[in-house]
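Undergrad: output the structure for:
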Amino acid sequence: MRAKLISVTLSALMLLSACTAKAETEPSPTPSPTPSPVETPLEISPSPEAEELTPVEQMAAAIERLEPSVTLPLADIGTGEDPEIDARNLYYAVLSEHPELKYAYDVAVTISGDSAECVFSYMPYKTEGYVPPEGSHTISSLRAAVVQADSMNDGTERLSIAITNPELEVDDIQRALMQSGCGCIVYTLSADGAEIVASPGIAETLPECAALISDTYELAASLLEDIVNDDDSQLEKIRAVYGYISENVSYDFRYYNDFESMPRTSTVAWGALHDGTAICGGYAHAFKTFLDLLGVESYTVSGVSSGENHSWNYVVLDGEGFYCDPTADRGGGERHFMLSEADFAVSGSYEWDADFYARLAA
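TA: Numbering: from 1, shown residues only. I've put the predicted structure just below:
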């Protein structure tokens with residue numbers, strides 16, 4: 001939760017002055033008038049609450065207000081031998097406690113006397129009057145971030161972007177980018193939020209990763225011809241590809257008993273669709289690959305099941321979200337197929353950030 005920052009407001013000062021003036025001008029009980037006392041200016045000191053703000057809270061408040069800098073006494077920011085490092089560590093502590101403030105992506109520290117001036121660098125989309133650069137690719141939602149990253153699956157290394165929605169949080173954008181790349185390419189937001197940057201994930205180079213993605217979709221399209229019928233409903237098609245995966249892909253137990261010998265492709269759709277063997281990531285990516293080809297909006301979900309890290313799927317059909325876990329239904333069955341959030345949560349002791357996936361599909 002964002003810390004609630006307390007400040008003395010102008011309206012409070014006016015109210016205090018008014019109350020004081022009223023008290024001083026009450027009619028005197030004595031019958032004869034007396035000279036009015038000479039009023040002295042009301043002396044106002046910071047509230048005790050404001051004085052008690054920690055350095056982390058003071059810096060967080062400055063960032064939240066998009067102030068260019070904040071100056072703090074050295075005595076308040078640390079006892080180390082290097083006050084500049086102390087100030088930077090304070091900045092990192094702010095972002096750790098308040099991840100929603102990560103749009104302040106850097107800080108420059110200047111030590112002067114017994115104080116440290118911390119000057120912030122802000123991602124452009126949070127600043128007033130921001131104008132997207134010409135030729136940049138617009139990101140107005142989390143879904144748009146996924147679409148832009150998907151366009152880089154051909155091996156594009158960097159893509160200039162313009163985030164145009166100041167309500168988007170940096171961590172959410174980064175998590176959205178992780179939906180792209182089919183587990184083969186890793187996409188990240190650049191430090192200043194002006195680019196999407198691609199890195200090889202499953203292979204040594206981006207071209208190799210891009211080729212594997214292309215081969216995966218080509219293979220999935222070929223398999224799809226024998227799995228679904230053109231006149232099937234969308235739900236029937238979703239059920240058909242889910243059944244194909246759960247019935248034809250076996251779990252790669254080398255993950256538990258011989259991890260070093262397990263091929264990395266077992267973590268992505270290629271292992272499931274080409275080799276017929278995968279762990280949960282491979283199951284989830286394979287299901288999403290089929291749904292991409294069917295034009296069904298879906299996402300891979302990262303969370304915990306029965307105390308263990310796990311991956312499954314979130315499927316959007318007719319504007320409503322459902323959860324599926326093809327790994328849990330391997331061998332056949334639909335116990336974890338197209339379930340509501342509430343039903344899915346109790347079907348296998350699942351824990352995950354359901355609100356994020358709702359925001360992602362919004």
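
Undergrad: can you map out the helices along the stretch 101-250 of the chain?
TA: 142-150, 170-177, 206-227, 234-248 (DSSP state H, counting those that start in this stretch).

Undergrad: helix 142-150 and the shortest one, what's the angle between them?
TA: Using axes from the mean of the first three to the mean of the last three CA atoms, to 10 degrees, one finds that helix 170-177 and helix 142-150 are set 50 degrees apart in direction.

Undergrad: now helix 170-177: buried residues?
TA: Residues Val170, Asp172, Ile173, Arg175, Ala176, Leu177 are the ones in helix 170-177 that count as buried (16 or more other CB atoms under 10 Å). No exception for glycine: its C-beta is placed from N, CA and C like everyone else's.

Undergrad: now the helices of the stretch 101-250 of the chain in CSV, with distance to Pro73 and mean pLDDT?
TA: Formatted as CSV, the helices of the stretch 101-250 of the chain follow (distance: least, CB to CB, whole Å; pLDDT from 0 to 100):
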stretch, distance to Pro73, mean pLDDT
helix 142-150, 40, 98
helix 170-177, 29, 98
helix 206-227, 48, 98
helix 234-248, 60, 98
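
Undergrad: including distance to Ser69, could the ones you listed go into CSV?
TA: CSV is the format used below for these (distance: least, CB to CB, whole Å):
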stretch, distance to Ser69
helix 142-150, 30
helix 170-177, 20
helix 206-227, 39
helix 234-248, 53
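
Undergrad: so which of those helices is nearest Met262?
TA: With CB to CB, the closest approach to Met262 among the helices of the stretch 101-250 of the chain belongs to helix 206-227: 16.7 Å.

Undergrad: skipping adjacent residues, who's closest to Gly307 in space?
TA: Nearest residue to Gly307 in three dimensions, chain neighbours excluded: Ser349, at 7.5 Å (CB to CB, 6 or more residues apart in numbering).

Undergrad: nope, Ile196 is what I was after
TA: Per CB to CB, 6+ apart, closest to Ile196 is Leu159, 4.6 Å.

Undergrad: tell me which residues touch the one you found, please.
TA: His137, Gln148, Ala149, Ser151, Met152, Glu195, Ile196 (CB atoms under 8 Å, 6 or more residues apart in numbering).

Undergrad: show me which pair in those is furthest apart.
TA: Among these, Ser151 and Glu195 lie farthest apart (CB to CB), at 13.3 Å.

Undergrad: between those two, which has more neighbouring residues?
TA: Neighbours were counted for Ser151 and for Glu195 using other CB atoms under 10 Å; Glu195 has more, 17 against 13.

Undergrad: would you mind writing the CA trace of stretch 85-96 as PDB?
TA: Output of stretch 85-96 as PDB, limited to C-alpha atoms (Å, rounded to 0.1, in the frame of the first residue of the first chain):
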ATOM      1  CA  ILE A  85      26.000   5.500  -1.800                       C
ATOM      2  CA  ASP A  86      23.800   6.000   1.300                       C
ATOM      3  CA  ALA A  87      21.600   8.300  -0.700                       C
ATOM      4  CA  ARG A  88      21.400   5.900  -3.600                       C
ATOM      5  CA  ASN A  89      20.600   3.000  -1.200                       C
ATOM      6  CA  LEU A  90      17.800   5.100   0.200                       C
ATOM      7  CA  TYR A  91      16.400   5.600  -3.400                       C
ATOM      8  CA  TYR A  92      16.500   1.800  -3.900                       C
ATOM      9  CA  ALA A  93      14.700   1.300  -0.600                       C
ATOM     10  CA  VAL A  94      12.000   3.700  -1.800                       C
ATOM     11  CA  LEU A  95      11.500   1.700  -5.000                       C
ATOM     12  CA  SER A  96      11.500  -1.600  -3.000                       C
END
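
Undergrad: which residues sit against the host helix or strand of Tyr299?
TA: According to DSSP states H and E, Tyr299 maps onto strand 298-305. If you take CB under 8 Å, 6+ apart as the criterion, strand 298-305 is touched by 146, 179, 183, 281, 284-285, 287-288, 291-292, 309-316, 323, 325, 328, 348-353, 357, 360-361.

Undergrad: the residue lying closest to Cys324 once chain neighbours are set aside in helix, strand or coil?
TA: Distances taken as CB to CB, 6+ apart put Asn313 closest to Cys324, at 4.6 Å, once the chain neighbours are dropped. What DSSP: H, G, I helix; E, B strand; the rest coil gives for Asn313 is strand.
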